[in-house]
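Chemist: I'll drop the sequence and a predicted model, then ask my questions.
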Amino acid sequence: MLVQIAWRNIWRNKTRSLIVTSSIAIGLWAGIFILAFAWGMYKNNIDETVYKQLSHLQIHHPLFSKENDAKLTVPESNRILEKLKSQPKVAAVSSRVITSGMISSTTTAGGVKIIGIDPDSEKQQIRLNENVRQGGYFESGKENEILIGEKLAKKLKVKLKSKVVLTFTDVNSDIISGAFRVGGIYRSGNLSLDEVNVYVLRPKLREFLGLRQDETNEIAILLKSEENLGSIKEYANSIAPGSKVEDWKEMAPELRLVIESFNLYTYIITGIILLALTFGIVNTMLMSVLERIRELGMLMAIGLNKLKIFLMIMLETLYLSLIGCPVGLLIGWLTIKILGNYGINISMFSEGLSSYGFSPVIYPALDDQKYGIVAIMCLITALLSAIYPAYKALQLNPSEAIRKI
């Protein structure tokens, strides 16, 4: 009986009930959209870091990350490269020679990270060739060609075919200088790295540093699937004893923290939205109770006890939530599905976003578990919101309530 009475009560004032269900649906949609947009930004940053900068795994000398000295190399790097390339789970492997130094033009100078690469390997590894905006990607065939970032080019006031000088120390701690010609200017999704990373041909940098052909400072491994990270990391440790093998979460701990704390963000963001929704539900249900004082008094007078009155009001709120929640979830899912395919262009903020490694196009995304968390939190919020109006109904005196005008 209570189930039928509660269902009929919510449709006695259709406008008010539709407003409540609409507010629940809009609140859910807003929560889902904000979460999906935030995760889309984070995922974009993670993908940019993994597929355009770090790769899934890197192998270094144990002290290289601390001292950044070019003489700290990975022994037998050619053997390690060949073994990794033979693994079916590995998408691409590349070795890099890295050192720090100064780059100078006719007008100014600055500190840079000099990376010696094999151009063909980096096409598959970090798709460096796709970032070239001016000139070519080591297409001249000259061994003194250099690829620099757009931001660095502006700082040095250089253009294509301009001459720059790199100064650094070799493995014997002697100061070496080499002249290079700007063959290409690139722009990646991280402007802060564009200002410090310059790329030259690996054989030429090895020659300057005094390294042997099988010596390298870094081996980067890109996987076909993130699921294979653990097994390939173990394999890399086995074939490179004495070297340090790190995955991208260890190399970029701030991104690992984002992933681990996103569930907490889910509760906080959804909680704030639902807190605002709580006041609307409390207000609506309280109005419903105050408008039905005589009716509630009559029900009490004919034997409907306080527990049943309480349950009736709770059921009314539950019905409104059960109508609004699926609608909000459906609208949110459709919104994320559409925007996840087309993306949200926020290019007006591209300069600021690029400084932190974010792309100007965000693709909202949210896993199924988060939809469930939001829906459960919404239902709990609605039921908690109904407690106070139900409590006010229980305070009514039947004899007084019946005579209420």
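Modeler: Perfect, I can see it now.
Chemist: Show me what the helix of greatest length in the chain is packed up against.
Modeler: In the chain, assigned by DSSP state H, the helix with the most residues is helix 253-291. If you count contacts as 3 or more C-beta pairs under 8 Å, 6 or more residues apart in numbering; DSSP states H and E, helix 253-291 packs onto helix 14-49, helix 248-251, helix 306-342, helix 368-385, helix 387-394. Every C-beta, even on glycine, is put in place using the N, C-alpha and C of the backbone.
Chemist: Pull out the buried residues from it.
Modeler: Residues 255, 258, 262, 266, 269-270, 273-274, 277-278, 281-282, 284-286, 288-289 are the ones in helix 253-291 that count as buried (16 or more other C-beta atoms under 10 Å).
Chemist: Take the helices and strands packed on helix 253-291 and write them to JSON lines, including mean pLDDT and distance to Glu215.
Modeler: Shown next, in JSON lines, are the helices and strands packed on helix 253-291 (pLDDT from 0 to 100; distance: least, C-beta to C-beta, whole Å):
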{"stretch": "helix 14-49", "mean pLDDT": "85", "distance to Glu215": "27"}
{"stretch": "helix 248-251", "mean pLDDT": "91", "distance to Glu215": "22"}
{"stretch": "helix 306-342", "mean pLDDT": "88", "distance to Glu215": "45"}
{"stretch": "helix 368-385", "mean pLDDT": "85", "distance to Glu215": "47"}
{"stretch": "helix 387-394", "mean pLDDT": "81", "distance to Glu215": "71"}
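Chemist: Pick the most deeply packed of those.
Modeler: Most buried of the helices and strands packed on helix 253-291, by mean neighbour count (mean count of other C-beta atoms under 10 Å): helix 14-49, with a mean of 20.
Chemist: Kindly calculate the angle that that one makes with helix 306-342.
Modeler: If you take axes from the mean of the first three to the mean of the last three C-alpha atoms, to 10 degrees, helix 14-49 sits at 40 degrees to helix 306-342.
Chemist: Indicate each strand paired with the helix or strand that helix 14-49 is followed by and its parallel or antiparallel sense.
Modeler: Reading on from helix 14-49 to the C-terminus, the next helix or strand found by DSSP states H and E is strand 57-60. Take DSSP bridges as the rule and strand 57-60 pairs in its sheet with strand 218-223 (antiparallel), strand 244-247 (antiparallel).
Chemist: Let me see the mean pLDDT of the shortest one.
Modeler: Averaging pLDDT along strand 244-247 gives 95.
Chemist: what sits against the residue positioned nearest the centre of the chain?
Modeler: The centroid of the chain falls nearest to Tyr42 when counting by C-alpha atoms, centre = their mean (1.3 Å). Contacts for Tyr42 (C-beta atoms under 8 Å, 6 or more residues apart in numbering) come out as 255, 258-259, 262.
Chemist: Save those residues as CSV, and put in pLDDT too.
Modeler: Below are those laid out as CSV (pLDDT from 0 to 100):
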residue, pLDDT
Leu255, 81
Val258, 78
Ile259, 79
Phe262, 80
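Chemist: Among the residues you listed, find me the one that's closest to Tyr199.
Modeler: For those, the closest approach to Tyr199 (C-beta to C-beta) belongs to Leu255, at 23.5 Å.
Chemist: Now that closest one. Nearest residue, chain neighbours left out?
Modeler: Counting by C-beta to C-beta, 6 or more residues apart in numbering, Leu255 lies nearest to Ile46, which is 5.4 Å off, once chain neighbours are set aside.
Chemist: Pull up the gap between the one you found and Gly189, please.
Modeler: 12 Å (C-beta to C-beta, to the nearest Å).
Chemist: do the same with Leu277
Modeler: Going from Leu277 to Gly189 by C-beta to C-beta gives 37 Å.
Chemist: got it, and Asn131?
Modeler: Distance from Asn131 to Gly189, by C-beta to C-beta: 8 Å.
Chemist: which one of these two has more residues nearby?
Modeler: Applying other C-beta atoms under 10 Å to Asn131 and Gly189 shows that Gly189 carries more neighbours, namely 22 against 19.
Chemist: Would you tell me what helix or strand that one is located in?
Modeler: Gly189 belongs to no helix or strand, assigned by DSSP H and E.
Chemist: quick one: it and Pro360, what's the gap?
Modeler: Separation of Gly189 from Pro360 (C-beta to C-beta): 9 Å.
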